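S.K.: Kindly return the folded structure for what I paste below:
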Amino acid sequence: EYTVDELLEQRKNILQELNDDRDIYSSARYGCDCGCGGNSAMEYEESLLEELYDVEAELKLHGVNF
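M.R.: This is a model prediction of the structure:
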């Protein structure tokens, strides 16, 4: 189990990575040209969002809301 400070740090890092990810993959995130319907950048972003939701859910258990 993480402390609130550790969870807040994780949340900050995930948000920063999502922000950086949008800059790096901004063209890729709207889909690629191969017709696959998605790409690794979108999957990576989805995994970061899932992690963010998990961290925020854990924080809510500690009484921290966003």
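
S.K.: list the helices and strands the helix or strand bottoming out on mean pLDDT in the chain packs on?
M.R.: Using mean pLDDT, DSSP states H and E, helix 4-24 stands out as the lowest-scoring helix or strand of the chain, at a mean of 86. Judged by 3 or more C-beta pairs under 8 Å, 6 or more residues apart in numbering; DSSP states H and E, helix 4-24 is in contact with helix 40-61. Every residue, glycine included, has its C-beta placed from N, CA and C.

S.K.: Just want the angle from the helix it packs on to helix 4-24.
M.R.: Counting by axes from the mean of the first three to the mean of the last three C-alpha atoms, to 10 degrees, helix 40-61 lies at 160 degrees to helix 4-24.

S.K.: Just the C-alphas of helix 40-61, formatted as CSV.
M.R.: Output of helix 40-61 as CSV, limited to C-alpha atoms (Å, rounded to 0.1, in the frame of the first residue of the first chain):
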residue,chain,number,x,y,z
SER,A,40,0.7,1.7,-30.1
ALA,A,41,0.5,5.4,-29.0
MET,A,42,-3.2,5.1,-28.4
GLU,A,43,-2.8,1.8,-26.5
TYR,A,44,0.0,3.4,-24.4
GLU,A,45,-2.2,6.4,-23.6
GLU,A,46,-5.1,4.1,-22.6
SER,A,47,-2.8,2.1,-20.2
LEU,A,48,-1.6,5.4,-18.7
LEU,A,49,-5.3,6.5,-18.2
GLU,A,50,-6.1,3.2,-16.6
GLU,A,51,-3.2,3.6,-14.2
LEU,A,52,-4.3,7.2,-13.5
TYR,A,53,-7.8,6.0,-12.6
ASP,A,54,-6.4,3.3,-10.3
VAL,A,55,-4.2,5.9,-8.5
GLU,A,56,-7.1,8.4,-8.2
ALA,A,57,-9.4,5.6,-6.9
GLU,A,58,-6.8,4.7,-4.3
LEU,A,59,-6.4,8.4,-3.3
LYS,A,60,-10.2,8.6,-2.9
LEU,A,61,-10.0,5.8,-0.4
